[in-house]
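Engineer: what shape does this take:
(one chain, ligands or ions: 1)
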Amino acid sequence: MSKVYTVAVLVGSLRKASINRKLALALADLAPASLKLQIVEIGELPLYNEDIDIDPPPAAYTAFRNQLKAADAVLFVTPEYNRSVPAPMKNAIDVGSRPYGQSVFSGKPAAVVSASPGAIGGFGANHHLRQSLVFLDMPVLQQPESYLGGAGNFFDEAGKPNDSIKSFLQKFIDTFARWIEIQNHA
Ligand code: FNR
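Structural biologist: Below is the predicted model of the structure:
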């Protein structure tokens with residue numbers, strides 16, 4: 001049987017009705033059999049502080065780091081706040097990147113999706129996030145670029161994606177699956 005890759009999905013919005021959470025769930029539904037997407041919750045992580053990241057670190061840090069360590073790849077799905085990365089997402093990146101030399105992200109294939117009801121689809125957040133991923137040494141999927149504007153209209157009342165976005169999401173997740181496969185054989 002061919003390998004099934006586990007993808008940790010980090011969602012940058014904490015609100016229940018989040019468009020980005022719906023996108024993450026839609027991508028999990030559409031993912032090919034070679035991928036298993038799992039949302040890793042980031043809302044309970046204490047704000048990163050080196051003073052508390054001692055032995056033992058906060059239990060929430062350890063649980064988060066263990067879930068990320070067990071994953072083969074990471075998918076970031078995020079809104080844009082003030083043209084940048086929402087604080088919970090940046091905090092999760094900071095927590096996962098430490099202790100120094102023990103980053104849970106290093107070398108893992110990644111992809112970034114940003115979505116907004118606005119026209120430019122979280123482009124600013126998407127690229128600010130990518131700046132961190134360079135430092136974290138993650139090979140990031142480049143195409144298709146995923147700045148999803150007008151995202152308030154993507155879902156029906158049951159939270160399912162409509163046809164205007166579904167084919168793009170399918171293409172995106174299939175391409176990400178191939179990217180993960182390639183990186184694992186590099
Ligand atoms: C926003 N929003 C927003 N939208 C955008 O396209 N560019 C931006 O810079 C911002 N800035 C911003 C800041 C803050 C603090 C909030 C709360 C919101 C609007 C945002 O895209 C919208 O609320 C989305 O619905 C948030 O994503 P979720 O929660 O639906 O996933």
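
Engineer: measure Leu169 to Gln183 for me?
Structural biologist: Taking C-beta to C-beta, to the nearest Å as the measure, Leu169 falls 21 Å from Gln183. In this view, the C-beta of every residue, glycine as well, is placed from N, C-alpha and C.

Engineer: could you do Ala60 as well?
Structural biologist: 29 Å.

Engineer: which of the two has more neighbours?
Structural biologist: Applying other C-beta atoms under 10 Å to Ala60 and Gln183 shows that Gln183 carries more neighbours, namely 18 against 15.

Engineer: how close does the more buried one sit to the ligand?
Structural biologist: Distance of Gln183 to the ligand, computed by C-beta to the nearest ligand atom, to the nearest Å: 27 Å.

Engineer: how about Phe172?
Structural biologist: The value you get for Phe172 to the ligand, if C-beta to the nearest ligand atom is used, is 17 Å.

Engineer: wait, that residue touches Gln143, no?
Structural biologist: No. Using C-beta atoms under 8 Å, Phe172 makes no contact with Gln143, being 9.5 Å away.

Engineer: which residues in this protein form strands?
Structural biologist: For the chain, the strands defined by DSSP state E occupy 5-11, 35-39, 73-78, 110-115, 147-148.

Engineer: per-residue confidence for the residue of the chain most remote from its centre?
Structural biologist: In the chain, counting by C-alpha atoms, centre = their mean, Asp55 sits farthest out from the average C-alpha position, at 27.8 Å. For Asp55, the pLDDT comes out at 95.
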